[in-house]
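Asker: Got a sequence here, can you build the structure:
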Amino acid sequence: MHCLPKKGMLEVIITKRNGLTVPLDFGRHWLIEVLEISEMPEDRILEKGKIGNSVVSMEMGRVGCLKTYWNDRKFGIKEVATYGMEVFGKPIESLGTTTQTSNDEPIWILDWINSFQKPLLKCYCSSNGEMSDENITYFLKNCNVTDQFLIGFTPTDQFQIDSIRSVEMSYLSITPSKWFTRDLLLSINTKSIFLTKSSLSSKDIKSFLHHWINGGCPKLKEIFVCINVNRMNYNEILEGIEVDQSDTHLVREYVRADSVRLSIRGRFDIKNGNETTATILRDHAGPNAFKMVVWSESTDEIPRKYDILN
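Answerer: Residues are numbered from 1 along each chain as shown. All right, here's what the predicted structure looks like:
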């Protein structure tokens, strides 16, 4: 296998492909792919090699990815992940899953990772309605993420959950987020919050603003909420909140961690009890969206890289 970059992290992927990867700035580099015996090529004899305590058929694939063939897919993923941790001396720091090959997907891999290590740095998870509400609840209540959590589950319309395990992180993106209620929003402390296809009301957004003004969600640097149907009612959102609109000709630049500069025209500012200023980007979002950024003296990190699982 290739050498792992010093800042590289090990990632277990369960999608149309399964195996061990290293996330890169653009995409990911596959180290070892796990395939089933039934997928072995029949036109040639493959070499045998040892992965951990197992001897399996293998061949070198594209871009240096080692393709390995197993009788049991789940066992193979565990063996490959364990082997990678031993070789590179690193824990599994990222989990990506988009498909449900078995009824307990991705519960089994989450339980296995939780059994031997600290929280994940990153997790990317989604389903196209094939994952049960019960399994979604279990996953959200047991997946502990500290950096980036991208959630793309599609539960039923009846789905409800009272709490999630991950509440302290850098970046949270949920789509669709119909199930993510006001109470869940008020329970997290996250730098960047992105909710699309949301069922939150203008009244819920108002509650969050009062929560932030009174010291809640102190890590917040950016929030974006896009609702499904109705327009945002800013009269309701801002009722009882002091807003500074003193300089309509003001132009400010908000610098993100990736050095992208966001030009903000006009002043639509609120402050919390610590005199921290936030700007509501009323004219920078669509009629059914709410966006706000929080200013600070230093450029705080706001992750903006969307990791697309292939």
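
Asker: quick one: secondary structure of Phe139?
Answerer: What DSSP: H, G, I helix; E, B strand; the rest coil gives for Phe139 is helix.

Asker: check contacts around it.
Answerer: 106-107, 110, 125, 153 (Cβ atoms under 8 Å, 6 or more residues apart in numbering). For the C-beta atoms, the positions are set from N, CA and C on the backbone; glycine is no exception.

Asker: same thing but at 7 Å, please
Answerer: When contacts are counted by Cβ atoms under 7 Å, 6 or more residues apart in numbering, Phe139 touches 106-107, 110, 125.

Asker: Can you tell me the element the closest residue to Leu281 other than its chain neighbours falls in?
Answerer: Among residues not flanking Leu281 along the chain, Lys291 sits closest, at 4.2 Å (Cβ to Cβ, 6 or more residues apart in numbering). Using DSSP states H and E, Lys291 sits in strand 289-294.

Asker: got a winner among the contacts of Phe139 for most neighbours?
Answerer: Pro106 (25 neighbours; other Cβ atoms under 10 Å).

Asker: related to what we said a few turns ago, please name the strands paired to the strand holding Lys291 in the sheet, noting orientation.
Answerer: Sheet partners assigned to strand 289-294 using DSSP bridges are listed as strand 222-227 (antiparallel), strand 277-280 (antiparallel).

Asker: Need these in a markdown table (columns: mean neighbour count, distance to Arg261 and mean pLDDT).
Answerer: As requested, the strands paired with strand 289-294 are exported to a markdown table (neighbours: other Cβ atoms under 10 Å; distance: least, Cβ to Cβ, whole Å; pLDDT from 0 to 100):
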| stretch | mean neighbour count | distance to Arg261 | mean pLDDT |
| --- | --- | --- | --- |
| strand 222-227 | 22 | 14 | 95 |
| strand 277-280 | 20 | 14 | 94 |
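
Asker: which one of the ones you listed lies closest to Ile193?
Answerer: strand 222-227 (4.4 Å; Cβ to Cβ).

Asker: who touches that closest one?
Answerer: 192-196, 198, 200, 205, 288-293, 302.

Asker: hmm, 6 Å instead?
Answerer: 192-196, 198, 200, 288-293, 302 (Cβ atoms under 6 Å, 6 or more residues apart in numbering).

Asker: Next: stretch 115-130.
Answerer: With Cβ under 6 Å, 6+ apart as the test, stretch 115-130 has contacts from 91, 93-98, 100, 143-150, 152-154, 307, 309.

Asker: cool, stretch 280-290 as well?
Answerer: By Cβ under 6 Å, 6+ apart, stretch 280-290 touches 205, 225-227, 231-232, 268, 291-292.

Asker: okay, how far is it across it, tip to tip?
Answerer: One end of stretch 280-290 sits 8 Å from the other (Cα to Cα, to the nearest Å).

Asker: what kind of secondary structure is Pro135 in?
Answerer: You called it Pro, but residue 135 is Asn. helix.

Asker: Make 45 the first number, not 1, from now on.
Answerer: New numbering, starting at 45: the last item is Asn179.

Asker: Which residues are in contact with it?
Answerer: In this structure, Asn179 makes contact with Ile151, judged by Cβ under 6 Å, 6+ apart.
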